[in-house]
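Asker: show me how the following folds:
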Amino acid sequence: MRALRCLKPGDVQLVEVPTPNLPADYLLVSPTATGICGTDLEIIAGGVDPAFITYPITLGHEWTGNIVELGRDVKNFSVGDRVVVEGMIPCGKCNECVAGATNLCKTYDEIGFTRDGAAAEFIAVPAALAHAIADFVTEESAALVEPAAVVLQGMKRLAPKANGRFLVLGDGTIGLLAVALLAEFTPAMIDVFGMRTEQKDLFTQVGATRFLTGKEDLHSEYDYVVEAAGAIAAVSLALSHAKRGGKILLLGYPEHSALLQVSVHDLINNDLTIHASFSYSRDSWKEIVVRLNSGQLNLTPLVTHHFTLDKWQEAIQTLRHAGKNARGKVLLKLKTD
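Answerer: All right, here's what the predicted structure looks like:
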């Protein structure tokens, strides 16, 4: 089968590999759509913490697909079912897993990081981590379950109240998802600060009040600030624009070696609450699936670019440099009708 593999940092190839074996409690799935994101670029560049990545690796941790074969012990699925699959594979035994904080498991594996991902013709996955997706849910929405669950996990920690004033820093997919999920909290406003003016219409479509590219246009104080850019400068901006008693949520990943000098005096004096949120729990994943299957959530507008697997180089180039066009999620379509 064909698979898009990062053999080592800087070396990505579409290669032939064996179809994976199928353990008794696993599913063999044919991926139909796989998102690529900034983290994939970090994997390719060698910028991911070595503790969380294994090379060579098949890319693809945001995906959906159809079941083509069942392990002999699998009872609750059928061949042909559409599924999304949790990427984090927790041990299920540590204190964190038992408490439901599976994102904090000390010995987890992860699809697309330490286990081969879904940018391939087939992938074998634990049936216990698979979730059925309704027929009416688009491939675009289904492929975005993983990053949506990441954002929802953070929102739960932020616990915003109605009529809050929000600032979202970052104009990529995580920022788009943050705006889309914040809408349920009936905000008084959602300002977005980004670098690319071409993103304005896309953010307005999902619920942003204003899309700003100049710091001078920001309000001086916000009740809640969501950092979704993965940049140290954005963290500094969050600290300077959260009101006294405000809350900050850190979702973006700066470079592994990036450091920020902070005045502890100011943190205390401003009574700030800072939440750093890692990945997603099983509960957050399930909640996104429920919202999609009930029709409460539609993430289709967030996907702006589609490429076949053969065009993977164009997909990565678009992710790096979208030019003057708006860019949301970039999707690899592994099955075409």
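Asker: just the CA atoms of stretch 195-213, as PDB, please.
Answerer: C-alpha atoms of stretch 195-213 as PDB (Å, rounded to 0.1, in the frame of the first residue of the first chain):
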ATOM      1  CA  MET A 195      -1.300  38.500  10.500                       C
ATOM      2  CA  ARG A 196      -3.100  37.700   7.200                       C
ATOM      3  CA  THR A 197      -5.900  40.000   6.100                       C
ATOM      4  CA  GLU A 198      -7.100  37.400   3.600                       C
ATOM      5  CA  GLN A 199      -8.400  35.400   6.600                       C
ATOM      6  CA  LYS A 200     -11.000  38.000   7.600                       C
ATOM      7  CA  ASP A 201     -14.000  36.600   5.700                       C
ATOM      8  CA  LEU A 202     -13.300  33.000   6.900                       C
ATOM      9  CA  PHE A 203     -13.200  34.100  10.500                       C
ATOM     10  CA  THR A 204     -16.300  36.300  10.200                       C
ATOM     11  CA  GLN A 205     -18.100  33.300   8.700                       C
ATOM     12  CA  VAL A 206     -17.500  31.100  11.800                       C
ATOM     13  CA  GLY A 207     -18.500  33.800  14.300                       C
ATOM     14  CA  ALA A 208     -15.700  36.400  14.800                       C
ATOM     15  CA  THR A 209     -16.900  40.000  15.600                       C
ATOM     16  CA  ARG A 210     -13.800  41.700  14.300                       C
ATOM     17  CA  PHE A 211     -10.700  40.400  12.500                       C
ATOM     18  CA  LEU A 212      -7.800  42.700  13.300                       C
ATOM     19  CA  THR A 213      -4.200  42.900  12.100                       C
END
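Asker: in it, what counts as buried?
Answerer: 196, 199-200, 202-203, 206-212 (16 or more other CB atoms under 10 Å). Bear in mind the C-beta positions are built from the backbone N, C-alpha and C, glycine included.
Asker: out of the residues you listed, list just those in strands.
Answerer: Assignment to strands by DSSP state E places the following of the buried residues of stretch 195-213 there: 210-212.
Asker: of those residues, which is the nearest to Q313?
Answerer: F211 (30.2 Å; CB to CB).
Asker: now the ones in strands among the buried residues of stretch 195-213 in a markdown table, with distance to I190 and pLDDT?
Answerer: Shown next, in a markdown table, are those (distance: CB to CB, whole Å; pLDDT from 0 to 100):
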| residue | distance to I190 | pLDDT |
| --- | --- | --- |
| R210 | 8 | 97 |
| F211 | 10 | 97 |
| L212 | 11 | 96 |
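Asker: closest to S284 among those residues?
Answerer: F211 (26.8 Å).
Asker: contacting residues for L251?
Answerer: Residues near L251 by CB atoms under 8 Å, 6 or more residues apart in numbering: 150-151, 154, 174, 178, 226-228, 277.
Asker: wait, I meant I190
Answerer: 166-168, 179, 182-183, 207-209 are the contacts of I190 under CB under 8 Å, 6+ apart.
Asker: helices of this protein, start to end?
Answerer: With helices called from DSSP state H, the chain shows them at 38-45, 95-98, 139-143, 145-158, 173-182, 200-206, 232-241, 264-269, 282-294, 312-320.
Asker: excluding chain neighbours, what is closest to P301?
Answerer: Nearest residue to P301, sequence neighbours excluded (CB to CB, 6 or more residues apart in numbering): Q205, at 5.7 Å.
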